[in-house]
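# Need coordinates for the following:
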Amino acid sequence: MLKQLIATAAALMVSTGVAQARQSDEIAMLKVGDPAPKLTNVTWVQGEPVSDYQSGQVYVLDFWATWCGPCKASIPHMNDLHKKHQKDGVNVIGLAIWPRPNMVPTAEFVKEKGDDMGYRIAEDVDGKSAEMFMKATGQNGIPTVMVVDKAGKLAWIGYPMGPDAEEMDATINRLIANTFDLSAATSKYEVKLKKEKKVNDARRQLTKALNAKNFDEALFMMDSMLAEHPEDLAMLAVLKYQILLVEKNDPASAGNWGRQAIAGVI
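Sure thing, here's the model as predicted:
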């Protein structure tokens, strides 16, 4: 049971969409407001190569892979953006990264999609682009989209599905209309990074408490996390229920919490 609890705590990062901290300091931290790295370490699979970001053009970089289910689910939206905004100077580029053995080759996948994937496609070379973009920004999951503004700076970084997709679309529309405020976006992203760091630190401390079988401390930490970010940490409710029921052998408290969680957090 303890292993399951620790695994649940580790899964919090995935369930909340919070990016884990960078695993290395070899590449400087990259964030919204910084100049975007150039696409120099790629093989172009489809469309005209982009050697540099042209002034006045917007670039939507979609990091994906053929083995990634959510990536494939986001392709129709990427294709719609391409068809809708290419006349507005918006360049959608699918950048395939993190290849896996036995996956469908990128070129084969793109050819099969045909007009349903009509935008530019590039493939990472030796993982260098993944390091320059994903690792440098602390992004450990795909699909991830990075929007580059008309001056070659990162304007948005995030997940291209759900509520985040609406924010991404709004960013692109503002860039087209020249109403995008990069300074405000940079400040907003800094706040997001601080929140992610705080949640990351709390997760590590929670895992440490679970490893030490200090369940009272773990429960206290979970209550604090739930109080501060109830909208983000629904899985904590399940974890707390498991601890109360199994580790603390308190079915009454577990039942009360379960009903409270279903009515509120979950």
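# can we go C-alpha only for contacts and neighbour counts from here?
OK.
# where does this protein dip in pLDDT?
By pLDDT under 70, the low-scoring segments of the chain are 1-28, 230-233, 265-266.
# Tell me where the stretch 1-150 of the chain has helices.
2-16, 69-85, 106-113, 128-129, 136-137 (DSSP state H, counting those that start in this stretch).
# Compute the inter-axis angle for the third one and helix 69-85.
Pointing back at helix 106-113 there. Helix 106-113 runs at 60 degrees relative to helix 69-85, counting by axes from the mean of the first three to the mean of the last three CA atoms, to 10 degrees.
# Show residues contacting helix 106-113.
45, 65-66, 96, 117, 123 (CA atoms under 8 Å, 6 or more residues apart in numbering).
# so how far is it off the chain centroid?
Centroid separation for helix 106-113 versus its chain: 24 Å, with CA atoms, centre = their mean, to the nearest Å.
# Mind naming the longest helix for the protein?
For the chain, the helix that runs over the most residues, judged by DSSP state H, is helix 182-211.
# got the buried residues for that helix?
Neighbour-count burial for helix 182-211, counted by 16 or more other CA atoms under 10 Å, picks out 182, 185-186, 189, 193, 196-197, 199-200, 202-203, 206-207, 209-210.
# From the contact counts, what lies against it?
helix 2-16, strand 154-158, helix 215-228 (3 or more CA pairs under 8 Å, 6 or more residues apart in numbering; DSSP states H and E).
# what sits up against the last one?
This points to helix 215-228. Under CA under 8 Å, 6+ apart, the answer for helix 215-228 is 199, 202, 206, 209-210, 233, 236, 240, 243, 247-248.
# between those, which is nearest residue 163?
Nearest to residue 163, judged by CA to CA, of the contacts of helix 215-228 is residue 233 at 16.5 Å.
# Distance check, residue 54 against residue 149.
10 Å (CA to CA, to the nearest Å).
# When the two are compared, which one has more neighbours?
residue 149 (29 against 14; other CA atoms under 10 Å).
# partner residues bridging the nearest residue to the more buried one once chain neighbours are set aside?
Counting by CA to CA, 6 or more residues apart in numbering, residue 149 lies nearest to residue 58, which is 5.1 Å off, once chain neighbours are set aside. Under DSSP bridges, the beta-bridge partners of residue 58 are residue 90.
# ok, now which ones touch residue 58?
89-91, 147-150, 172, 175-176.
# The same query, at a cut-off of 6 Å, please.
Listed by CA atoms under 6 Å, 6 or more residues apart in numbering, the contact partners of residue 58 are 90, 148-150.
# Among the residues you listed, which one sits closest to residue 127?
Nearest to residue 127 among those, with distances taken as CA to CA, is residue 148, at 20.7 Å.
# quick one, what contacts that closest one?
Counted by CA under 6 Å, 6+ apart, residue 148 has contacts 58-59, 154-155.
# what's the closest of the residues you listed to residue 101?
residue 59 (29.7 Å).
# The closest one - how many residues pack around it?
Neighbours of residue 59 under the rule other CA under 10 Å: 23.
# With the one 10 residues further on instead?
Other residues near residue 69 come to 12 when the count uses other CA under 10 Å.
# Check the one 5 residues further on too.
Other residues near residue 74 come to 18 when the count uses other CA under 10 Å.
# now swap in residue 76 and tell me
Neighbour tally, residue 76, other CA under 10 Å: 13.
# any idea how far residue 117 is from it?
Relative to residue 117, and taking CA to CA, residue 76 is found at 8 Å.
# same question, residue 74
11 Å.
# again, but for residue 203
From residue 203 to residue 117 the distance is 38 Å (CA to CA).
# in what helix or strand does residue 151 lie?
Taking DSSP states H and E as the definition, residue 151 sits outside all helices and strands.
# which residue sits closest to it, ignoring its sequence neighbours?
residue 55 (5.6 Å).
# The one you found contacts residue 153, doesn't it?
No. Look at residue 55 against residue 153 with CA atoms under 6 Å: they stay out of range, at 10.5 Å.
# Who has more neighbours out of the two?
Neighbour tally, residue 55 and residue 153, criterion other CA under 10 Å: the higher count belongs to residue 153, 20 against 10.
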